[in-house]
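[1] Got a predicted model here, sequence first, then my questions.
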Amino acid sequence: MDTRIKAGGLVLKNPVILASGTAGYGIELAPILDLNRVGAIVVKGLYPYERQGNPPPRLWETPCGLLNSIGLQGVGMRRFAEEYLPHLSQYDTHIIINACGEEDEEYVQVVKYFSKLPSVSGFELNLSCPNVREGGKCPAMWPRWSYEIVKATREVTEKPLWAKLTPNTSSLVEVASACQEAGADAVSLVNTYLAMAVDFRTRKSRLSTLFGGLSGPAIKPLALRAVYLVASSVDVDVVGIGGISSGEDLLEFLLVGAKAVQIGSITLREPAAAERILKEAVSLLEEEGYNNFNEIIGRFQGV
Ligand SMILES: Cc1cc2nc3c(=O)[nH]c(=O)nc-3n(C[C@H](O)[C@H](O)[C@H](O)COP(=O)(O)O)c2cc1C
């Protein structure tokens, strides 16, 4: 079967992308997962500088989900470029930089820095990270702020630019639309849902922070709705993310309008999940008589 698809300004060999943060910098998975088999790899979020992240505990498993407060620990853009990128670029797949910033200007710095490197295919702006401007709130909660960051980064790169959105806003469709207007080639949704876990014995949070972000199968129906809402009302490519754990999950996201999907938390439990999910999806499509993924994208028939 021809598994190729076009998404967010890139031609991918298949619609399966490794999500940011659950596959490290990609090469950590190489002994277990054939990286040549995935459509793209979105690397762990990068700031211009190194970050320690939050102190432990920063993971808590919930029924069907995972609560994390990693706090965007990372090696920073220069160390990534020197120590990881040369290895990662040996694989025949797209490398997408997940760009982060505590201040708006930091997104621009990261995008500018990687834009000149030919081994980088494009960017995913993590508009869901805490920003100093609004006391730790994230830009993707507001259309105007999202617009400004996409616009500023659009001015420094011609490479594909995706905006990764938070579902923790009542303006998701407006935010997606603002990103499209500012020149984003795609929106990736969703990032994690704000949530909390408490221990009644200690009467404290299970995490070192008050809130964490919920991911995994628990959020799949919420993410599916978010993808449907944006894909059916904004003229922008959507990359679906949230609890995808099987080939059937993947096809459901394509059906409601996603052009590609990202595989997140399942990778922590099953590092080669992306390959299995692709195989399952191809078998299911073949069983139903489809010739390629494009024949199912956006073909949801409603109630
Ligand atoms: C441990 C962990 C770390 C993550 N780090 C990042 C990150 O650096 N940048 C980002 O945009 N999203 C990050 N995410 C969010 C995921 O990429 C994804 O959007 C989210 O987990 C939902 O997908 P899932 O349910 O398949 O995990 C992280 C998620 C987890 C669980």
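    Perfect, I can see it now.
[2] contacting residues around the nearest residue to residue 157 once chain neighbours are set aside?
    In this structure, residue 157 finds its nearest non-sequential neighbour in residue 115, 4.1 Å apart by C-beta to C-beta, 6 or more residues apart in numbering. Quick note: C-beta positions are derived from backbone N, CA and C, even for glycine. Applying C-beta atoms under 8 Å, 6 or more residues apart in numbering, we find residue 115 in contact with 156-159.
[3] For the stretch 51-200 of the chain, what lies in contact range of the ligand?
    66, 68, 70, 72, 98, 126, 164, 191-192 (C-beta under 6 Å from any ligand atom).
[4] Which ones among the residues you listed map onto strands?
    Of these, the ones assigned to strands by DSSP state E are 66, 68, 98, 126, 164.
[5] For the stretch 51-200 of the chain, give the residue positioned nearest to the ligand.
    Relative to the ligand, the nearest point of the stretch 51-200 of the chain is residue 126 (3.8 Å; C-beta to the nearest ligand atom).
[6] wait, residue 1 sits on residue 283?
    No - when contacts are counted by C-beta atoms under 8 Å, residue 1 is not listed as touching residue 283 (9.5 Å).
[7] Give me the common contacts of the two.
    Common neighbours of residue 1 and residue 283 (C-beta under 8 Å, 6+ apart) do not exist.
[8] Now do whichever strand or helix holds residue 261: which elements does it pack against?
    Per DSSP states H and E, residue 261 falls inside strand 260-263. Other elements packing on strand 260-263 under the criterion 3 or more C-beta pairs under 8 Å, 6 or more residues apart in numbering; DSSP states H and E are strand 16-18, strand 237-241, helix 247-255, helix 273-287.
[9] Who does that strand pair with, and is each partner parallel or antiparallel?
    Applying DSSP bridges, strand 260-263 is found paired with strand 16-18 (parallel), strand 237-241 (parallel).
[10] ok now the first one, how far from the chain's centre?
    The one in question is strand 16-18. On the basis of C-alpha atoms, centre = their mean, to the nearest Å, the separation between the geometric centre of strand 16-18 and that of its chain is 9 Å.
[11] That strand near the ligand anywhere?
    No - in terms of C-beta under 6 Å from any ligand atom, no part of strand 16-18 sits within range of the ligand; the closest distance is 9.0 Å.
[12] roughly how far apart are the residue nearest to residue 208 when sequence neighbours are not counted and residue 207?
    For residue 208, ignoring the flanking residues on the chain, the nearest one in space by C-beta to C-beta, 6+ apart is residue 55 at 4.7 Å. In this view, residue 55 and residue 207 are 10 Å apart by C-beta to C-beta, to the nearest Å.
[13] The two - which one has more neighbours?
    Neighbour count, other C-beta atoms under 10 Å: between residue 55 and residue 207, residue 207 has more, with 22 against 11.
[14] Please name the nearest non-neighbouring residue to the more buried one.
    residue 69 (4.6 Å).
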